[in-house]
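Participant: quick one, fold the following:
(3 chains)
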Amino acid sequence: MSIVRAENIKKRYIQGKVEVHALRGVSVNIDQGEFVAMAGPSGSGKTTVLNIIGGIDNPDSGQVIVDGNNYSDMTQSKLAELRLNKIGFVFQAYNLIPVLSAEENVEYIMLLQGVSAKERKKKARAILDDVGLEGKYSRRPSELSGGQQQRVAVARAIVSNPAIILADEPTANLDSKTGESLLDMMKKMNREKDVTFIFSTHDNMVMEYAKRIVKLKDGQIENDIIKDK
Amino acid sequence: MYFQLAWRNIWRNPRRTFVIISAVVIGVWSMVFLSAFSHGMLASMLDNGKSVLIGDIQIHNKKYRIDPSIDNSMDNPDKIRAVLDKTLPQGAVLTERIKVSTYVSNARHSTGAVLVGIDPENEKKISFLGKSITKGEYLDKKDMRGILVGKALLEKFDTAIGKKLIIMARDKKGKVASKAFRIRGVFNAEMEATEKQFLFITMTGARKLLNMEKGISEISIVLNSEPMVEKTAAEIKNRLDTELFAVETWKDLLPMLKAYVEIFNGFMYIWYVVVFVAMGFGIVNTSLMAVFERVREFGLLRALGLKPWPVIRSVLTESIFILLIGIIAGNLLGYVSVLLMKDNGLDLAMFGKGSEFFGMSRVIYPILTMFDVMNVNLVIFFLGAVVSLYPAFRASRITPVEAMRQ
Amino acid sequence: MSTDMKMAFRNIWRSPVRTILTLSAIAFAAIILVFMVSFQLGSYEIMVNSSVKIYTGHIRIQAEGYREKRNMRFVISSPERIAKTVEKIEEIKSYSFRANGFSLVSSENRARGVLVTGIDPEGEAEISTISGLIRKGEYLAPGDRDKVLIGRLLARNLKVGINDELTILGQGKDGSIAAGIVTVKGIFSSGIDDFDRSTVQVPLSYFNDLFYMDGAVHEIVCTADSLFDVNKIKRLLKANLSEKKQKKVVVLDWKELLPGLVQGIQLDLASAAIFYFILVLVVAFSILNTFLMAILERTKEFGVMLALGVKPNRLFKLVLMESSFLTLTGVITGVVVGCAITFWFQTHGIDLAGASEILKEYGMSGIVYPKLSIVSALAGPLLVFVITICAALYPAFKVKKLVPVDAIRSI
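Facilitator: Predicted coordinates for the structure are as follows:
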């Protein structure tokens, strides 16, 4: 059963005075538990695809259905709720909330979901332990390295038990060793918790990790390869 | 080039610049407008105060101020007249009066009032009375029995033009004199108190009632320019025997008003500073923000070997641009609002009795003076430049290392 | 402390210099307003009290039309009957009868037309502070007949001292001539020049005979414990007096008796309100930039939060909470410091030597005492708070309208 279904998505931007066709009709189906890489050079539209699947950007035409919810008939507030409960985000620039500690950043999502304080604390610490940040619970983002910040971001994305996690170039700002260990960790989460991961990248090393690679070029899918296990 | 740079810099963030300029504009506008308005209130108080039988300069018997009695009149005014003939500048007008406290009654009512014997022709030119007869007639110089009363008094006494009033007063010889006068006209004054306080008869009528030969109580002089007042008063003093006569300006005669003028001016200065401080916080903050946003830029300039002074100068120039725009717009707005109110003024009818309480007219017309405008602008400009020094110095202390850390 | 509050609090201190400047601006406005309003209210209270306590009283009962016409014949012919009603009202602390007649008062060589008032020495001492303001001689005793109290300035103008004779010449209630000779028993100084210049008080019994009053009086002057009781007393008096079909009697409170003072205060308040409003507006624009910047420089952060599933409304509340924290801290600081400063001046007084001429006219001495009250401590700061929050709404609404993808992209 597919968890993400995108049908013929088109999107144009006005950049300065030039019209850019970011997406020229992209259709993709992703099943529960997949570990998918959106690959392609910059400007190929991978980030736009992720944003549209994540419901933070609207397509000009086409349909997005995530876990049975069709975006086209949802309000901003409903979309926010959907993102909160079904979708986790990991950004290239980590984007943790700077005034909250590692633990609080993770807890914040559960707070929004209405999880009790006791439960939040327990779960947040367990997940931070999972991503290898034992004992760094109360550090603020500015006191963590880039790799550590991205681990907090993954912990934050995963803590809400989302159906999918969208990661936009998660390793772009990290050195290759740190990047690899992050990817190992993401893969472990994928295996153990059966969370669907969709990430964009243009790094060959990252693509190695993916079970499926969707290659984009000029706003269209060039090819869609599912590797054998 | 250098000004161009500063000009472009302030428009890098138009919204922020607009907001801070708005703060300056409101501040400047409020200062210009409120000073014009306060000036209007003061002028109205002064005009009212002076027109009610005060004028610019008055001459009395020395003892009259403490003991305003008919005994302390000036019995031989010829000498004074001669002095004034020589002393008064062009355009000055004067009138003579006899003033006495009296008891007024008719068949059913009675009250205390000040009876004023006037020279109808001259009085008209000087005091409010000339313009305020609303019913009946003004006095004729030869009228021995006619009297002018205020509208409020007329109503209080249930009387009308043509009816009689009995005046009782102590005459020059110390006897109580009493005589009936016929109401010729009714005057309206800016303030109700004036309408109840004064009654006017002719000088000759007053002399007859009070058994006086040629004495007068006071001489009131109106000049056509305020700056001349002190000088003229001093000259008159020089030529008169100050042991016998008191020469006083409106400032001596209306100490309340003089104090009001001083308090108002003092208050406006305090107010300028208060509003300025409020806006100063915004200027410093905005300027600091602009500086912190450009830490890299300033760091780079320093790395390129620029000395602190040009950095200070450029930040300061930006602040001054903002100040100037605000000041110009604020002044224009202030000027326009004063113009808009020039014809109709601000009607204080809501507080009619209140404005009277302070001796003001019911309608206030703002008065914009060059002096006020200069004050406002200088205060803001200089204080504004002074507080902008802090962000400017802060910018000049940014080191390349600090910039790189950002 | 909830996480949102924690976040708001921490966000405020992300740029300490900016926050301190903003706090100072808000606190400054609040301090100025607390002090100024206390100063005004303090002066008003002195003005009202000096007038009410010296002469006016809180409530007067008069014949209809007497206040406007001051006609001798508009009398209350049987004051004792009304007094019975007055005595039944608990809130009335004391009352006394008065009668007034304009007369020409002459000394050996001076004369003045002034208001002669007949007072009941015992009752008057309860409702007016004049008995305690005698500077020379003594207050009237209950049995006194042809003795008078006069104001300091009138005594000077008439050139009389204690035990000197004065002739009163006026018109009786029936229109006949009223004439009598009295001696000065006491000279008072109320501090209100106009009053000291124009007042002669004689015993009511003597006034009654001199002006042919037939036991009638012009007014019954009542005082209450506090200004707050006045409305109730007035209502009760009106109800009781109309019950008894006492025709042609009106009940006037101090506001109606002193319309000039009341409207003067209103005018002063209204013009001050304009000044205050403008000050607060300048402050609001001064700090609007801080609020805006604090939001705009965090656009990306807000975009991320939206992406994480924070609803726009919650973000709006969070931003508003930050501004409210900041504003409240500033306002509270302002109230505390403002109250402290005001309190210091309340105990030490402000010497306005230059203004004493003006103040004397309104019954104040050259030293003014601001008066701190709940109203004066909170009214101004409340205005600051409301207007500042309005300024904060603008950036908060901007946050609400953010599109996550654009916000994340912005730097």
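Participant: tally of neighbours for residue 123?
Facilitator: No chain in the question, so chain A it is. 18 (other CB atoms under 10 Å in any protein chain shown). All C-beta spots, glycine's among them, are computed from the backbone N, C-alpha and C.
Participant: that's the wrong chain, I wanted chain B
Facilitator: 24.
Participant: got a list of what it touches?
Facilitator: By CB atoms under 8 Å, 6 or more residues apart in numbering or on different chains, the contact set of B:Glu123 is B:95, B:97, B:129-130, B:200.
Participant: and which of those is nearest chain C?
Facilitator: Comparing the contacts of B:Glu123 against chain C with CB to the nearest CB places B:Phe200 closest, at 15.8 Å.
Participant: so what's the closest one up against?
Facilitator: B:115-118, B:123, B:129, B:139, B:147-148, B:187.
Participant: of all pairs in the residues you listed, which one is the farthest apart?
Facilitator: The largest separation in the contacts of B:Phe200, counting by CB to CB, is between B:Gly117 and B:Phe187 at 15.6 Å.
Participant: in a markdown table, list the contacts of B:Phe200 along with pLDDT and secondary structure.
Facilitator: Shown next, in a markdown table, are the contacts of B:Phe200 (pLDDT from 0 to 100; DSSP: H, G, I helix; E, B strand; the rest coil):
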| residue | pLDDT | secondary structure |
| --- | --- | --- |
| B:Leu115 | 93 | strand |
| B:Val116 | 94 | strand |
| B:Gly117 | 93 | strand |
| B:Ile118 | 93 | strand |
| B:Glu123 | 90 | helix |
| B:Leu129 | 85 | helix |
| B:Leu139 | 90 | coil |
| B:Ile147 | 95 | strand |
| B:Leu148 | 94 | strand |
| B:Phe187 | 92 | strand |
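Participant: which one of these is nearest chain C?
Facilitator: The closest of those to chain C turns out to be B:Leu115 (CB to the nearest CB; 9.2 Å).
Participant: my guess is the closest one contacts B:Tyr103. True?
Facilitator: No - taking contacts as CB atoms under 8 Å, B:Leu115 lies outside contact range of B:Tyr103: 9.7 Å.
Participant: spit out the residues that contact those two alike.
Facilitator: Contacts common to B:Leu115 and B:Tyr103, judged by CB under 8 Å, 6+ apart, are B:167, B:169.
Participant: pick out the lowest-pLDDT one from the contacts of B:Glu123.
Facilitator: Sorting the contacts of B:Glu123 by pLDDT puts B:Gly130 at the bottom of the list (80).
Participant: skip the chain neighbours and tell me the closest residue to that residue.
Facilitator: Nearest residue to B:Gly130 in three dimensions, chain neighbours excluded: B:Lys124, at 3.4 Å (CB to CB, 6 or more residues apart in numbering or on different chains).
Participant: what's the first helix or strand after the helix or strand hosting that neighbour?
Facilitator: Element membership for B:Lys124 (DSSP states H and E) is helix B:120-126. Going down the chain from helix B:120-126, the next helix or strand is strand B:133-136, by DSSP H and E.
Participant: tell me the buried residues in that following strand?
Facilitator: Within strand B:133-136, the residues that qualify as buried are B:133, B:136, counting by 16 or more other CB atoms under 10 Å in any protein chain shown.
Participant: each with direction, which strands does it pair with?
Facilitator: strand B:176-187 (antiparallel) (DSSP bridges).
Participant: what's near enough to touch C:Ala27?
Facilitator: So C:Ala27 contacts C:330-331, C:333-334, C:337 (CB under 8 Å, 6+ apart).
Participant: and it, what element?
Facilitator: helix C:16-51.
Participant: same question, C:Thr85
Facilitator: C:Thr85 belongs to helix C:79-88 when assigned by DSSP H and E.
Participant: helices or strands up against that helix?
Facilitator: The contact analysis (3 or more CB pairs under 8 Å, 6 or more residues apart in numbering or on different chains; DSSP states H and E) places helix C:79-88 against strand C:92-106, strand C:219-224, helix C:230-243.
Participant: who touches that helix?
Facilitator: Residues from elsewhere that reach helix C:79-88, judged by CB under 8 Å, 6+ apart: C:61, C:76, C:92, C:95, C:97, C:215-217, C:220, C:222, C:237, C:240-241, C:244, C:246, C:249.
Participant: state the mean pLDDT of stretch A:60-69.
Facilitator: 90.
Participant: buried residues in it?
Facilitator: Result for stretch A:60-69 [16+ other CB under 10 Å]: buried residues A:62, A:64-67.
Participant: out of the contacts of helix C:79-88, which is most surrounded?
Facilitator: C:Val217 (28 neighbours).
Participant: hmm, C:Asn100 and that residue touching each other?
Facilitator: No - counting by CB under 8 Å, C:Val217 sits too far from C:Asn100 to count as a contact (9.3 Å).
Participant: any shared contact partners between these two?
Facilitator: The contact sets of C:Val217 and C:Asn100 overlap at C:Gly118 (CB under 8 Å, 6+ apart).
Participant: and B:Lys50, how far from chain A?
Facilitator: With distances taken as CB to the nearest CB, to the nearest Å, B:Lys50 is found 66 Å from chain A.
Participant: got a list of what that residue touches?
Facilitator: B:56, B:250, B:254.
Participant: as CSV, those residues with neighbour count and pLDDT would be great.
Facilitator: CSV is the format used below for those (neighbours: other CB atoms under 10 Å in any protein chain shown; pLDDT from 0 to 100):
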residue, neighbour count, pLDDT
B:Asp56, 25, 89
B:Trp250, 21, 87
B:Leu254, 21, 80
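Participant: in a markdown table: those residues, plus distance to chain C and secondary structure.
Facilitator: Formatted as a markdown table, the contacts of B:Lys50 follow (distance: CB to the nearest CB, whole Å; DSSP: H, G, I helix; E, B strand; the rest coil):
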| residue | distance to chain C | secondary structure |
| --- | --- | --- |
| B:Asp56 | 19 | coil |
| B:Trp250 | 14 | helix |
| B:Leu254 | 9 | coil |
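Participant: perfect, I'm done here.
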